[in-house]
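Enquirer: Have a look at this prediction, sequence included:
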Amino acid sequence: ATTIYDGTTIVGTYASSTLHISEAVLNSKTYIFFTNTAQEGYFYVSTALGSFVGDTHTNTVIDNISSTTNLYVGQLLSGTGIQAATRIASITSATAITVTLATTATNASVTITSTKLSKIINANFPSTIVGPICEMDGYVFVGTSTARVYNSDLNDPVTWQANNYITANAFTDNGVGCLKYKNKIGFFGTNSLEW
């Protein structure tokens with residue numbers, strides 16, 4: 001298990017061991033990215049909300065939030081009527097979110113605790129990631145063991161399209177990970193480097 005701290009404050013945990021930590025600035029916010037032995041991607045933004053107040057409705061909508069600014073898709077939530085392992089699935093407006101699991105009660109003005117560590121939960125985020133997450137020109141990149149380099153949508157590390165990848169195919173080895181060098185993304189294989 002891994003616990004992520006900002007100074008002495010716990011910002012989140014996950015069950016696996018951390019493999020790589022990297023940093024990127026997107027839309028003037030600093031993101032710290034993590035990959036782990038479960039081949040998952042996480043990120044931390046210091047301005048992420050640690051709690052907020054909203055209304056629950058025994059469905060996946062939480063609304064009447066004063067502001068969804070600094071809430072992120074993938075934040076883990078807890079509170080009255082919030083099921084274990086519930087995460088923010090999408091931010092639907094300036095005052096509402098959807099969550100991954102339906103709430104169990106209809107309540108107004110529920111205080112909801114949110115971890116500041118967000119998991120990348122998009123279904124198109126690759127499941128065989130290797131190496132660190134890296135960024136260039138507002139795009140976030142990650143490599144896979146099958147020698148593909150996937151990229152997120154522009155300035156959006158939570159949105160990934162199924163076909164947004166290129167294959168490092170100059171050599172027939174397995175992928176090890178990507179890196180940014182000047183204005184290029186490099187991808188390492190077990191016996192190669194391709195730009």
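Expert: Thanks, I have it.
Enquirer: Contacts only, for Ser16.
Expert: With contact taken as Cβ atoms under 8 Å, 6 or more residues apart in numbering, Ser16 is in contact with Ala1, Thr2, Asn36, Thr37, Ala38, Glu40. Yep, even glycine has a C-beta here, placed from its N, CA and C like the rest.
Enquirer: whoops, I mixed them up, Thr37
Expert: Ser16, Ser17, Leu19.
Enquirer: Same check on Ser192?
Expert: Per Cβ under 8 Å, 6+ apart, neighbours of Ser192: Ala168, Ala170, Phe171, Asp173.
Enquirer: between the residues you listed, which is nearest Asn183?
Expert: Distance ranking of the contacts of Ser192 against Asn183, using Cβ to Cβ, places Ala168 first at 17.8 Å.
Enquirer: residue contacts, the residue minimising distance to the centre of the chain?
Expert: Centroid check for the chain by Cα atoms, centre = their mean gives Ile120 as the closest residue, at 2.8 Å. Neighbouring residues of Ile120 by Cβ under 8 Å, 6+ apart: Glu40, Gly41, Tyr42, Phe43, Gly74, Pro157, Val158, Trp160.
Enquirer: Kindly reformat those as a markdown table containing pLDDT.
Expert: Below are the contacts of Ile120 laid out as a markdown table (pLDDT from 0 to 100):
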| residue | pLDDT |
| --- | --- |
| Glu40 | 97 |
| Gly41 | 98 |
| Tyr42 | 98 |
| Phe43 | 98 |
| Gly74 | 98 |
| Pro157 | 97 |
| Val158 | 97 |
| Trp160 | 98 |
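Enquirer: Among the contacts of Ser192, which one has the most neighbours?
Expert: In terms of neighbour count, Ala168 stands highest of these at 22 neighbours, by other Cβ atoms under 10 Å.
Enquirer: other SSEs contacting the longest strand along the chain?
Expert: As assigned by DSSP state E, the longest strand anywhere in the chain is strand 106-119. Here strand 106-119 touches strand 9-14, strand 41-44, strand 51-57, strand 75-78, going by 3 or more Cβ pairs under 8 Å, 6 or more residues apart in numbering; DSSP states H and E.
Enquirer: In JSON lines: the contacts of Ser192, plus secondary structure, pLDDT and distance to Thr113.
Expert: As requested, those are exported to JSON lines (DSSP: H, G, I helix; E, B strand; the rest coil; pLDDT from 0 to 100; distance: Cβ to Cβ, whole Å):
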{"residue": "Ala168", "secondary structure": "coil", "pLDDT": "89", "distance to Thr113": "41"}
{"residue": "Ala170", "secondary structure": "coil", "pLDDT": "86", "distance to Thr113": "48"}
{"residue": "Phe171", "secondary structure": "coil", "pLDDT": "83", "distance to Thr113": "47"}
{"residue": "Asp173", "secondary structure": "coil", "pLDDT": "88", "distance to Thr113": "45"}
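Enquirer: quick one: the helices in the protein?
Expert: In the chain, no helices are defined using DSSP state H.
Enquirer: next one: phi and psi at Thr86?
Expert: With angles defined as degrees, to the nearest 10, Thr86 sits at phi -80, psi 130.
Enquirer: Enumerate every residue touching the closest residue to it other than its chain neighbours.
Expert: Among residues not flanking Thr86 along the chain, Leu101 sits closest, at 4.4 Å (Cβ to Cβ, 6 or more residues apart in numbering). Residues counted as contacts of Leu101 (Cβ under 8 Å, 6+ apart) are Thr60, Gln83, Ala85, Thr86.
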